[in-house]
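# the following comprises the amino acid sequence and a computationally predicted model.
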Amino acid sequence: MKKRDILLVEDNPSDVDLTRRAIARNRIANDLVVVGDGQAALDYLFGEGAYAGRDLSVQPALTLLDLKLPKVDGIEVLRRLRADPRTRRLPVVILTSSQEQEDLTAGYDLGANSYIRKPVDFHAFSDAISNLGLYWLILNEPPPL
């Protein structure tokens, strides 16, 4: 069985690089698909725009969602994912540097599976990615899509 991708929704190139390095360091075998804004994430997940014709029967094993995104913010991306029967069960982990309590509350209110504040230190970030990979990609029993 082919390993499903991890979708990273992140507009900061440094954070994308950091995530790639942490995934490689932790030997997470899933491919990383990166989109740089909320609209691109929605297009990818719903097979629209640049991703028209993408096989929607193959959805990411995990979506890592930043909140402060151009075009469509992460909260709105999550709202649209949870409103659609095709994507409402996809595992979504908010991975953000936001310290705002209202972001935390809104994320959980809209059905985020987890909320993680990005550690500043690379080793702490790498450990967080390792734990995410272990839990969401190995231990967790995913819902039927």
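Done, it's in.

# only C-alpha atoms from now on, for both contacts and neighbour counts.
Fine.

# distance of residue 102 from residue 4?
When distance is defined by C-alpha to C-alpha, to the nearest Å, residue 102 is 32 Å away from residue 4.

# quick one: which of those two has more around it?
For residue 102 and residue 4, the more surrounded residue by other C-alpha atoms under 10 Å is residue 4, and the numbers stand at 16 against 10.

# relative to residue 17, how far out is the closest residue to residue 28 other than its chain neighbours?
Among residues not flanking residue 28 along the chain, residue 133 sits closest, at 6.7 Å (C-alpha to C-alpha, 6 or more residues apart in numbering). The gap separating residue 133 from residue 17 is 17 Å, by C-alpha to C-alpha.

# counting neighbours, go ahead and name the busier of those two.
Neighbours per residue (other C-alpha under 10 Å) separate residue 133 from residue 17, with residue 133 holding more: 21 against 11.

# ok but residue 22 is inside a helix, no?
Yes: with DSSP: H, G, I helix; E, B strand; the rest coil as the criterion, residue 22 is located in a helix.

# what's near enough to touch it?
Contact analysis of residue 22 by C-alpha atoms under 8 Å, 6 or more residues apart in numbering lists 122, 125-126, 129-130.

# list the contacts of residue 106.
residue 75.

# buried stuff in the helix or strand harbouring it?
Mapping residue 106 onto the secondary structure by DSSP states H and E places it in helix 101-109. Neighbour counts over helix 101-109 (16 or more other C-alpha atoms under 10 Å) mark 103-104, 107-108 as buried.

# in the sheet, who's paired with the residue positioned nearest the centre of the chain?
Note on the chain: the residue nearest the mean C-alpha position is residue 64, at 1.7 Å, using C-alpha atoms, centre = their mean. With DSSP bridges as the criterion, residue 64 is bridged to residue 8, residue 93.
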